[in-house]
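In: this one's structure only:
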C-alpha cells in the first residue's frame, strides 16, 4: 500500500505510537504519496513535489477565521446575485473605527424595531401576541434599568419548566436602592419610547428608498445622540424591568404599519427577536473560546476597549434570538464539505451531518454559555439540570436521520431537503467570494466543517467555517460519522484519481466551476541591453 504520513503524534496513545513507529520504520525509505496534517503550519509547501497529496491549502484563513469570513462575504454581490443577509447574520469588525460606528447605528435601529415589536405583540408573551392586563397599582415610577453582564431578570423568551432562569451571576450589578422592582411590579415606560422608535424607523425607510437624496438632513428630523440614548434605555426598561406602555393605544395602528414596512426591508427581521442580543467573538479562536453574549451596548463597548488594549481582533454578530428549538433546547449543525480544487472551484458536500445540543433549556433570561454555545468543547464542562429534557440524547448529539425523524413528528416531514440545499448554497457563496485569496495548488485538498443554525421557520444560517474540524469520537454519532467522513474523503481524493467513476461514499459533487483563465502579463516589454562579457575575462 502507499505510505501515509500523519500529523498529531503527541495526541496518540502508547499503543498507537508503537504501531505508528512500526509503520514508519517499514516505509522509512519510501517517498510520501499523501500527507495529512492537523494544522497547515505542519506542512512545508516549499519541499512538496507536485504529485504529492496534502490535505491543506495555503491562506485558507480568508474564510476559516471569523474576521476573514465576515470580510469576504461582504464581497458576495460581486460574484453572485445573492444577498448575504439572507443566510449570514450581520457582522461587524470592531477593530475598525467605521465599523464600530456602523454597529452602534445597527444596535440603535434594532432597539427601535424591538420596542415596536414588543408593543405590537404584547407584554405578556411577545411570541404569542397575548397582551397582559396589568392594574395601575402594580406599576412603579420610571427608573434606570439595572445593569446586567450577561444575566437579566426578565422573562421574555423563557423555556417551559425553567421559572426564573439560572442563578444570577455575582457580577450582576445591584439595582438602585430607590428602584426596587419586584417580580410582579411593572415599570411605567414613557410613550416617548414609541414616538422615537416610529421616527427612527420612518427615517430608515426614507433612506432605504433613497428618498432623502434631495432632502436636507435638518428636515429629516434625525434623532439626536441624547434621543438615541433614551430610546435604548426605554428598551432596557421594557425587556429587563417588565416595562409597560400605558395610554399608547392611539399609536398601535401606526406602530403596526411601520413595523410591517420594516419587515419588508430587513432580511433578518424574523431572527432578531426583541432583546437586541449580540454575540461577541475573538476573530481567530476556535472551540467557543472567548465567546460571550450581551444585550447591552455599553457592555459590548467595554469589552471592545479591553480588547483593543490587548491588540485582539473582535467581531460582533447579531445573535439569532428565535432559533428552532428541540425539546426547548438550542442546537447547531456541523456540516462537512471537501474542496479538491480552487481553480476550477470544486466542492463536495457530505450528505450526513450531526446536531450538537446545549445542556440547558433555551432562555434569554440567562446569557450563559451553557445555554447558548453548542460547541462540544464548551458543553462538556456542564451537567444537565432538572429542567433539561429527558428526551434529548445523553451525549448531546443527534445525526441528521434522528433530526429528520423529529421534524416529521412535528409536522415537517419534507423539510430536511430544503435545509440541506440551503446549507449547500450558503457554503458555495462563502467559497466563491474567498476564491481569489486562496493559494491554489493541484493535488491539495481540504476538509472543512461549517456550522449552521436554523430559525423557527427552518431557514439555515451560516455561523462559521472551520478548517481541521474535530474528528474525535466524542459520542456514538461522531464515532460513526467521523470515521466514515475520513474514509469517504480518501475515496474522493485517492480512488477517484485513478477512476473517475469510483465510489465517493456519502460525498456528492455539489459545485464545479468553469476553469478561470489567468490572463497573461500585458505590461511593458522588458529586455536587457548591453554587451556580453566573455567568460575568460571574468576568470581573470
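Out: Everything's here; your move. Just so it is clear, the model here is predicted, and its values are computed rather than measured. Numbering: from 1, shown residues only.

In: just give me the neighbour total for the residue nearest to residue 74 when sequence neighbours are not counted.
Out: Of all residues not flanking residue 74 in the chain, residue 84 sits nearest, at 6.9 Å (Cβ to Cβ, 6 or more residues apart in numbering). No exception for glycine: its C-beta is placed from N, CA and C like everyone else's. Neighbourhood size, residue 84 [other Cβ atoms under 10 Å]: 23.

In: I figured residue 84 hits residue 75, correct?
Out: No - in this structure, residue 84 is not within contact of residue 75 by Cβ atoms under 8 Å, at 9.1 Å.

In: ok, now which ones touch residue 459?
Out: 270, 271, 422 (Cβ atoms under 8 Å, 6 or more residues apart in numbering).

In: distance of it relative to residue 12?
Out: 42 Å (Cβ to Cβ, to the nearest Å).

In: what's the answer for residue 380, then?
Out: For residue 380, the distance to residue 12 - Cβ to Cβ - is 21 Å.

In: what about the contacts of residue 459, which are in helices?
Out: Among the contacts of residue 459, the ones falling in helices (DSSP state H) are 270, 271, 422.

In: derive a PyMOL selection command for the buried subset of these.
Out: Buried residues among the ones in helices among the contacts of residue 459 (16 or more other Cβ atoms under 10 Å), as a PyMOL selection:
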select buried, resi 271+422
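
In: where does the chain have its least confident helix or strand?
Out: Across the helices and strands of the chain, the lowest-confidence element by mean pLDDT, DSSP states H and E is strand 139-140, at a mean of 48.

In: next SSE downstream of that one?
Out: strand 186-189 (DSSP states H and E).

In: what's the burial count for residue 408?
Out: 13.

In: same check, this time on residue 229
Out: For residue 229, using other Cβ under 10 Å, the count is 13.

In: what average pLDDT does the helix or strand harbouring it get?
Out: Per DSSP H and E, residue 229 falls inside helix 225-240. When pLDDT is averaged over helix 225-240, the result is 94.

In: and it, what's buried?
Out: Buried-residue list, helix 225-240, by 16+ other Cβ under 10 Å: 227, 228, 231, 232, 233, 234, 235, 236, 237, 238, 239, 240.

In: how close does residue 457 get to residue 324?
Out: 8 Å.

In: show me where pLDDT drops low in the stretch 51-200 of the chain?
Out: 123-186 (pLDDT under 70).

In: please read the previous query as pertaining to the stretch 401-540 of the chain.
Out: 516-527, 535-540.

In: circling back: between the buried residues of helix 225-240, which is nearest residue 412?
Out: residue 239 (30.2 Å; Cβ to Cβ).

In: can I assume that closest one is in contact with residue 275?
Out: Yes - using Cβ under 8 Å, residue 239 is in contact with residue 275, at 5.4 Å.

In: stretch 211-229: end-to-end distance?
Out: 26 Å (Cα to Cα, to the nearest Å).

In: which residues of the stretch 201-350 of the chain fall in helices?
Out: Along the stretch 201-350 of the chain, counting by DSSP state H, counting those that start in this stretch, helices occupy 225-240, 252-265, 269-272, 297-309.

In: columns distance to residue 114 on top of the ones you listed, output as a markdown table?
Out: Shown next, in a markdown table, are these (distance: least, Cβ to Cβ, whole Å):
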| stretch | distance to residue 114 |
| --- | --- |
| helix 225-240 | 6 |
| helix 252-265 | 10 |
| helix 269-272 | 7 |
| helix 297-309 | 12 |
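
In: between those helices, which gets nearest to residue 416?
Out: That would be helix 269-272 among the helices of the stretch 201-350 of the chain, by Cβ to Cβ, at 19.8 Å.

In: contacts for the closest one next, please.
Out: 89, 110, 113-114, 262-263, 266, 318, 320-323, 455-457, 459, 461.

In: out of those residues, which are inside strands?
Out: Within these, residues falling in strands by DSSP state E are 318, 461.

In: among the contacts of helix 269-272, name the buried ones.
Out: So, by 16+ other Cβ under 10 Å, the buried ones in the contacts of helix 269-272 are 89, 110, 113-114, 262, 266, 318, 320-323, 455, 459, 461.

In: and the furthest pair within those residues?
Out: Among these, 262 and 323 lie farthest apart (Cβ to Cβ), at 21.2 Å.

In: now the residue positioned nearest the centre of the chain, nearest residue through space, not along the chain?
Out: Nearest to the mean C-alpha position of the chain, by Cα atoms, centre = their mean, lies residue 463 at 2.3 Å. Once flanking residues are discounted, residue 463 sits nearest to residue 451: 4.4 Å by Cβ to Cβ, 6+ apart.

In: what residues of the longest helix along the chain count as buried?
Out: Across the chain, the longest stretch assigned as helix under DSSP H is helix 97-121. Within helix 97-121, the residues scored as buried using 16+ other Cβ under 10 Å are 99-100, 103, 106-121.

In: got it, and stretch 204-214?
Out: Result for stretch 204-214 [16+ other Cβ under 10 Å]: buried residues residue 204.

In: chain center to that stretch: distance?
Out: Its chain's C-alpha centre and that of stretch 204-214 lie 30 Å apart, by Cα atoms, centre = their mean, to the nearest Å.

In: stretch 235-252 too?
Out: Distance, centroid of stretch 235-252 to centroid of chain: 31 Å (Cα atoms, centre = their mean).

In: now stretch 86-98
Out: 11 Å.

In: can you check stretch 102-120 too?
Out: Distance, centroid of stretch 102-120 to centroid of chain: 20 Å (Cα atoms, centre = their mean).

In: all numbers from here: first residue = 854
Out: Will do, 854 is the new start, and the previous item becomes stretch 955-973.

In: give me the distance from the helix holding residue 1082 to the chain's centre.
Out: The mean C-alpha position of helix 1078-1093 is separated from the chain mean by 27 Å, Cα atoms, centre = their mean.

In: burial measure for residue 1106, as a count.
Out: 10.

In: and it, how close does it get to residue 1185?
Out: In terms of Cβ to Cβ, residue 1106 sits 39 Å off from residue 1185.

In: spit out the contact partners of residue 1313.
Out: Neighbours of residue 1313 in contact, by Cβ under 8 Å, 6+ apart: 940, 1186, 1272, 1275, 1276, 1279, 1305, 1306, 1307.

In: ok, residue 1286 next?
Out: 916, 925, 926, 928, 929, 931, 932, 933.

In: SS state for it?
Out: helix (DSSP: H, G, I helix; E, B strand; the rest coil).

In: what's the separation between it and residue 875?
Out: For residue 1286, the distance to residue 875 - Cβ to Cβ - is 46 Å.

In: now do residue 1315
Out: 43 Å.

In: show me which of these two is the more surrounded one.
Out: Between residue 1315 and residue 875, counted using other Cβ under 10 Å, the more crowded position is residue 1315 (23 against 9).

In: which element, helix or strand, includes the residue lying closest to the more buried one once chain neighbours are set aside?
Out: Nearest residue to residue 1315 in three dimensions, chain neighbours excluded: residue 1279, at 4.4 Å (Cβ to Cβ, 6+ apart). Assigned by DSSP H and E, residue 1279 falls within helix 1269-1287.
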